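mind folding the following:
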Amino acid sequence: MGKLHLHQVKKFYGHFEVIKGVELDVTDGEFIVFVGPSGCGKSTLLRMIAGLDEVTSGDIMIDGARVNDLPPVKRGIAMVFQSYALYPHMSVFENIAFPLRVERMPEDKLKAKVEHAARILHLDQRLHQKPGQLSGGQRQRVAIGRAIVREPKIFLFDEPLSNLDAALRADMRIELAKLHHQLQATMIYVTHDQVEAMTMADRIVVLNAGEISQVGAPLELYHKPANTFVARFIGNPKMNFLSVTCTNVSEAGVEIDYKGQKAVLPVKPREGAVGKQLTLGIRPEHILLGDGDLTLTVVPTVVEHLGAQTVAYASAEGIDENFCATLSGSAAIRLDAPLRTGMRIGDCHLFDESGQAFERRVELTEIDMDILSSSAS
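Now for the predicted structure:
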């Protein structure tokens, strides 16, 4: 079993509150990813779960038992760090076996466990080698093997791929996903890379300034962000935001005005919204060339040709940040030449003055729900 429950967990450094009453349940066998910008508290939260940092207040429960006062070795966890932390003078076998030797495990049982972990990680032909003879990806697999042999209730990963190049990171993402499927173990993974989060997680926990902004399956966060922070953080390139005015609310939804153009978004109306300045969100991949329910003329300032796609960053009147559009690779975009773009209302998101999302009134299609369900399972 590997159930984890965090109840109102807080962490202070002096008078500075780093973690602000986090409440979270992780079920047995889940792959949970903590994401957020630098300084949001994701690594601090992971270290508290591991027992490397003390909890100021609140409870950390593993399989129903409170572990706040237990040392890391007694918690049934194993942690893989950003640095491989391997012993350079020891062989791969001895590096993997090290925690078992500390426990004084009988040699025959130790050998069987190390060889089993090595087979899972495709290291069985390298057990005699030293870390200096291995690639970065192989070294990280050795560090993971050292965690596997302990048979922990929960695996903890603190940005384990950040030292690898882009190609190796992609390969290791696949290997970690396979490992989770094979072990069926509970895994909690910290990263600032949303690609890692979106491709590996059963659920993503988005942290902002020590608080949870939203928890959900990857595609749920993409399609239904709870606020502008999540909308901005999940998705690459990030979501575009436009300032609009609410002109009416009805059973059909919320009517907004953008530069004299009116449209009704199919979201649940709220009292007192009429006359308020709201925020309209549209993802770059949903921008159209030409007309739409709403149109906007932009001036491209940077164009990135990526083969299958062309990413255009542009300036537009009344928009402080770069406006971004992800278009077909064959799209003919010229720098500094005005470009007419459009957007469908069904692709847009609406947020109130505090940045909280309006709940969509129109239910997702059966296909969309199947995708979200498969992402969460």
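
all strands for the stretch 101-250 of the chain, in order.
Using DSSP state E, counting those that start in this stretch, the strands of the stretch 101-250 of the chain run over residues 154-158, 186-190, 203-208, 211-216, 240-250.

just send those back as JSON lines, with mean neighbour count and mean pLDDT too.
Quick note: C-beta positions are derived from backbone N, CA and C, even for glycine. Below are the strands of the stretch 101-250 of the chain laid out as JSON lines (neighbours: other C-beta atoms under 10 Å; pLDDT from 0 to 100):
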{"stretch": "strand 154-158", "mean neighbour count": "24", "mean pLDDT": "95"}
{"stretch": "strand 186-190", "mean neighbour count": "25", "mean pLDDT": "97"}
{"stretch": "strand 203-208", "mean neighbour count": "24", "mean pLDDT": "97"}
{"stretch": "strand 211-216", "mean neighbour count": "20", "mean pLDDT": "97"}
{"stretch": "strand 240-250", "mean neighbour count": "18", "mean pLDDT": "95"}
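
can you put these in JSON lines and add distance to residue 352?
What follows is the strands of the stretch 101-250 of the chain, written out as JSON lines (distance: least, C-beta to C-beta, whole Å):
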{"stretch": "strand 154-158", "distance to residue 352": "35"}
{"stretch": "strand 186-190", "distance to residue 352": "31"}
{"stretch": "strand 203-208", "distance to residue 352": "17"}
{"stretch": "strand 211-216", "distance to residue 352": "15"}
{"stretch": "strand 240-250", "distance to residue 352": "9"}
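
tell me which of those sits nearest to residue 40.
With C-beta to C-beta as the criterion, residue 40 lies closest to strand 203-208 of the strands of the stretch 101-250 of the chain, at 4.4 Å.

tilt between the closest one and strand 186-190?
30 degrees (axes from the mean of the first three to the mean of the last three C-alpha atoms, to 10 degrees).

contact partners for the residue nearest the centre of the chain?
Note on the chain: the residue nearest the mean C-alpha position is residue 197, at 3.5 Å, using C-alpha atoms, centre = their mean. Each residue near residue 197 by C-beta atoms under 8 Å, 6 or more residues apart in numbering is listed here: 33, 35, 189, 191, 204, 218.

turn the residues you listed into TSV, columns for distance to residue 92.
Shown next, in TSV, are the contacts of residue 197 (distance: C-beta to C-beta, whole Å):
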residue	distance to residue 92
33	28
35	31
189	23
191	26
204	33
218	34
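
out of those, which one sits closest to residue 23?
Among the contacts of residue 197, residue 204 lies closest to residue 23 (C-beta to C-beta), at 16.1 Å.

so that closest one makes contact with residue 219?
No - using C-beta atoms under 8 Å as the test, residue 204 is too far from residue 219 to be in contact (10.0 Å).

overlap of the contact sets of these two?
Counting by C-beta under 8 Å, 6+ apart, nothing touches both residue 204 and residue 219.

domain assignment for this structure?
In terms of domains, the chain is parsed into 4-229, 230-376 (source: automatic domain parsing).

give me the neighbour count for residue 97.
23 (other C-beta atoms under 10 Å).

A helix includes it, no?
Yes - assessed with DSSP: H, G, I helix; E, B strand; the rest coil, residue 97 lies in a helix.

how about the helices of the stretch 201-350 of the chain, start to end?
218-223, 228-233 (DSSP state H, counting those that start in this stretch).

I'd like the ones you listed as JSON lines, with mean pLDDT and distance to residue 122 appended.
Compiled in JSON lines, the helices of the stretch 201-350 of the chain are given as follows (pLDDT from 0 to 100; distance: least, C-beta to C-beta, whole Å):
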{"stretch": "helix 218-223", "mean pLDDT": "95", "distance to residue 122": "27"}
{"stretch": "helix 228-233", "mean pLDDT": "96", "distance to residue 122": "34"}
